[in-house]
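Asks: Next input, structure requested:
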Amino acid sequence: MRAMIHIRKAAERGHFDHGWLDTYHTFSFADYYDPDFMGFRALRVINEDRVKPGRGFGTHSHRDMEIVTYVLEGELAHRDSMGTGSVIRPGEVQRMSAGTGVLHSEMNPSQDSPVHFLQIWILPERRGIEPGYEQKEFAREPGRLLLVASHDGSEGSLTVHQDARLYAATLDADGVAHDLGASRYAWLQVAHGSVDLNGNVLHAGDGASVENERRLEIDGTAEILLFDLS
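Replies: Here you go, the predicted structure:
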């Protein structure tokens, strides 16, 4: 089988500027529809959002989705119908299982600084899961892939109800490598900086799907998310 890496350029994503919200959609979402980008494997949504001070998403509902929030800059305040109230900051990762149904809101609590974050949706392994919430701070080590979410919660990661492993890394000159198991796929998302992925150059906002490739070599100066998917 031929190895394939397909790059999703940042500028090709869906883009909407709502004034209070500047958002880019890697995959089809809300009013943005592209039949060629409906998701990748169980990865359904990667939205890159910038929300102005004091603004945000009012209370709304979700169900049957694993929602991971990754803050790049600023702070994001979260409240939900499970009784959770928290503030998510850079270095922390949040997972909310919507399951049978959750109401929640996400607001920028600052009155003077915007918040910049990635909102990620992963399809769950089954419908009707009991709603749940986790949030953890992860100590970053430059040049190391850090497991931040997994099916079994290994290595202190958050637990997602899907056969998926999410890694975060801050890269320096040494780069990182990742071996994909048999019949595994990957998605690489560049949050900041630029990387070389097996000879393919990606910049901030770019993503890439990986199929039939057993080893990933990632070099550059960047902040990245790497999804290892079934």
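Asks: can you pull the pLDDT of the closest residue to Leu145 other than its chain neighbours?
Replies: In space, and not counting its chain neighbours, Leu145 is closest to Tyr167: 4.2 Å by Cβ to Cβ, 6 or more residues apart in numbering. C-beta coordinates here come from the backbone N, C-alpha and C atoms, glycine included. pLDDT recorded at Tyr167 is 98.
Asks: Parallel or antiparallel, list what pairs with the host helix or strand of Tyr167.
Replies: Here Tyr167 sits within strand 164-171, counting by DSSP states H and E. Paired neighbours of strand 164-171 in the sheet (DSSP bridges): strand 146-150 (antiparallel), strand 215-229 (antiparallel).
Asks: thinking again about what came up before, can you count the residues close to the residue nearest to Leu145?
Replies: The burial count assigned to Tyr167 is 21, neighbours taken as other Cβ atoms under 10 Å.
Asks: Might one say that it is in contact with Asp228?
Replies: Yes. Contact criterion Cβ atoms under 8 Å: Tyr167 and Asp228 qualify, at 7.2 Å.
Asks: Now do the strand holding Tyr167: everything it contacts.
Replies: Strand 164-171 is touched from outside by 42-43, 68, 70, 93, 120, 122, 138, 140, 142-151, 157, 160, 176, 178, 193, 195, 218-230, with contacts defined as Cβ atoms under 8 Å, 6 or more residues apart in numbering.
Asks: Same check on stretch 91-100?
Replies: So stretch 91-100 is in contact with 62-71, 78, 80, 86, 88, 102, 104, 124, 128-140, 148-149, 158-161, 168, going by Cβ under 8 Å, 6+ apart.
Asks: Now do the shared contacts for Tyr167 and Asp228.
Replies: His178.
Asks: Is Asp152 within a helix or a strand, and which one?
Replies: Per DSSP H and E, there is no helix or strand for Asp152.
Asks: if I look at it, how far off is Gln189?
Replies: Between Asp152 and Gln189 the computed distance is 23 Å (Cβ to Cβ, to the nearest Å).
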